[in-house]
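Colleague: build the 3D model from these lines:
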Amino acid sequence: MKNTFGQSMTITIFGESHGAYIGAILDGLTPGMEVDEAFIKHQLDLRRPSGKISTARVEQDEYILASGVYKGRTTGTPLSILIPNTVQKSEDYESKPKIARPGHADYTASVKYHGYEDFRGGGHFSGRITAAVVAAGAIVIPALKKKGIEIGTHIKSSGGIEDRDFNDYKQDIEALSKTAFPVLDDDAAKNIREMMEKVAAEGDSVGGVLETVVTGMPAGVGEPWFDTVEGMLAHALYSIPAIKGVQFGDAFDLVNARGSEFNDAFCVIDEKVVTKTNHNGGINGGITNGMPLLFRCAVKPTPSIYKEQDSVNLKTVKDAKIIIAGRHDPAIIHRARIVVDSMTALTLYDMLAGRYGTDYFA
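Modeller: Residues are numbered from 1 along each chain as shown. Below is the predicted model of the structure:
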């Protein structure tokens with residue numbers, strides 16, 4: 001039963017949705033890195049609920065840096081982050097029969113943990129735990145940025161409504177870093193938000209596709225087989241609740257194309273090897289080629305909906321009906337993008353430290 005990811009730098013997450021705290025421990029960080037507490041707060045704010053299209057559970061996320069930081073810099077020893085849970089409503093779960101919520105991990109968690117799991121609000125499987133991931137990501141994102149590596153994610157599509165593609169990477173990443181609703185085109189942003197509000201009013205939910213770009217990654221990072229860039233990123237991204245698919249480059253979009261169309265031809269510009277196109281998403285043979293990393297994540301519709309559904313009572317093992325109470329997101333895709341950014345940053349930090357050594361970020 002493992003909740004740790006990484007090799008040169010590891011992240012361990014802990015806590016439950018309705019427990020006293022959630023948190024993360026980062027081990028293997030470079031000593032002397034600046035820790036920007038205002039930036040940590042900013043990143044956590046981007047994950048917080050937003051009006052009618054989000055849950056009514058609004059946590060303040062007043063985090064505590066309990067170890068590993070001294071005078072505003074990392075010490076190199078394990079850095080621990082604690083985030084108190086302050087607005088739980090456990091009676092929404094404890095006063096009702098233990099009926100598995102469709103689409104959630106209630107049944108599988110009960111099997112794995114023999115019924116001893118904290119099931120309130122999804123327990124350790126809750127999206128609430130992603131706040132700890134975001135706080136941890138905010139520790140390493142500035143270190144990546146100092147190396148010229150920047151990450152940006154937008155809602156590529158939701159409810160059949162499409163956002164525009166990335167255009168000017170630097171400008172788009174900068175714009176996305178400042179907005180809680182990560183859509184690049186203003187008209188698309190308006191239409192997607194209105195669609196989400198309509199779905200919420202119907203007691204239902206909606207998912208979509210997130211598109212991420214990473215600029216500034218040096219060529220030569222990654223391994224040719226089990227620790228490929230795609231493999232490590234996918235491993236981390238699939239850990240995020242609701243992520244059901246990951247595509248690198250144009251993958252499924254051009255899978256029926258020919259090699260002459262999909263291949264990225266090489267050329268030299270300003271004495272640097274680049275590719276004329278980027279269908280492979282900046283990766284060849286599991287290793288970065290110096291072009292921007294491009295990938296998409298499929299985010300399923302939020303499983304908690306206000307409609308009657310068929311299920312099973314986990315205590316009696318009998319068929320049952322369920323109408324989910326509590327406070328839930330009709331869409332989590334806009335909140336999930338900062339989690340994708342953070343998980344991406346943590347993974348790339350680990351891979352870069354493995355390639356160049358821990359002091360690469362000194």
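Colleague: export the longest helix along the chain as CSV, just CAs?
Modeller: Identified as the longest helix of the chain according to DSSP state H is helix 333-356. Taking Å, rounded to 0.1, in the frame of the first residue of the first chain, the C-alpha atoms of helix 333-356 are listed here in CSV:
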residue,chain,number,x,y,z
ILE,A,333,-11.8,20.2,-15.1
HIS,A,334,-11.1,23.9,-14.5
ARG,A,335,-9.8,23.0,-11.0
ALA,A,336,-7.9,20.0,-12.2
ARG,A,337,-5.6,21.9,-14.6
ILE,A,338,-3.5,23.3,-11.7
VAL,A,339,-3.2,19.8,-10.4
VAL,A,340,-1.9,18.6,-13.8
ASP,A,341,0.6,21.5,-13.9
SER,A,342,1.8,20.6,-10.4
MET,A,343,2.1,16.8,-11.0
THR,A,344,3.9,17.6,-14.3
ALA,A,345,6.4,19.9,-12.4
LEU,A,346,7.0,17.3,-9.7
THR,A,347,7.7,14.6,-12.3
LEU,A,348,10.0,16.7,-14.4
TYR,A,349,11.9,17.9,-11.4
ASP,A,350,12.5,14.3,-10.4
MET,A,351,13.6,13.3,-13.9
LEU,A,352,16.0,16.3,-14.2
ALA,A,353,17.5,15.6,-10.8
GLY,A,354,18.0,12.0,-11.9
ARG,A,355,19.7,13.1,-15.1
TYR,A,356,21.9,15.9,-13.9
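Colleague: if I look at the residue nearest to G72 when sequence neighbours are not counted, how far off is L79?
Modeller: Leaving aside its sequence neighbours, G72 sits nearest to V35 (C-beta to C-beta, 6 or more residues apart in numbering; 5.8 Å). Where C-beta positions appear, they are placed from N, C-alpha and C, glycine not excepted. As for V35, its distance to L79 is 8 Å (criterion: C-beta to C-beta, to the nearest Å).
Colleague: have a look at the two and say which one is more surrounded.
Modeller: Just comparing V35 and L79: by other C-beta atoms under 10 Å the higher neighbour count belongs to L79, 23 against 20.
Colleague: who touches that one in this structure?
Modeller: Neighbouring residues of L79 by C-beta atoms under 8 Å, 6 or more residues apart in numbering: I25, L26, D27, L29, L65, S67, G68, V69, I139.
Colleague: now name the helix or strand holding the closest residue to I129 other than its chain neighbours.
Modeller: The shortest distance from I129 to any residue other than its chain neighbours is 5.4 Å, reached at I22 (C-beta to C-beta, 6+ apart). Secondary-structure element containing I22, defined by DSSP states H and E: strand 21-27.
Colleague: whichever helix or strand comes after that strand packs against which elements?
Modeller: Using DSSP H and E, the helix or strand that follows strand 21-27 towards the C-terminus is helix 37-47. For helix 37-47, the elements it packs on are helix 130-146, helix 333-356, judged by 3 or more C-beta pairs under 8 Å, 6 or more residues apart in numbering; DSSP states H and E.
Colleague: tell me what angle helix 37-47 forms with helix 130-146.
Modeller: Comparing the axes of helix 37-47 and helix 130-146 via axes from the mean of the first three to the mean of the last three C-alpha atoms, to 10 degrees yields an angle of 130 degrees.
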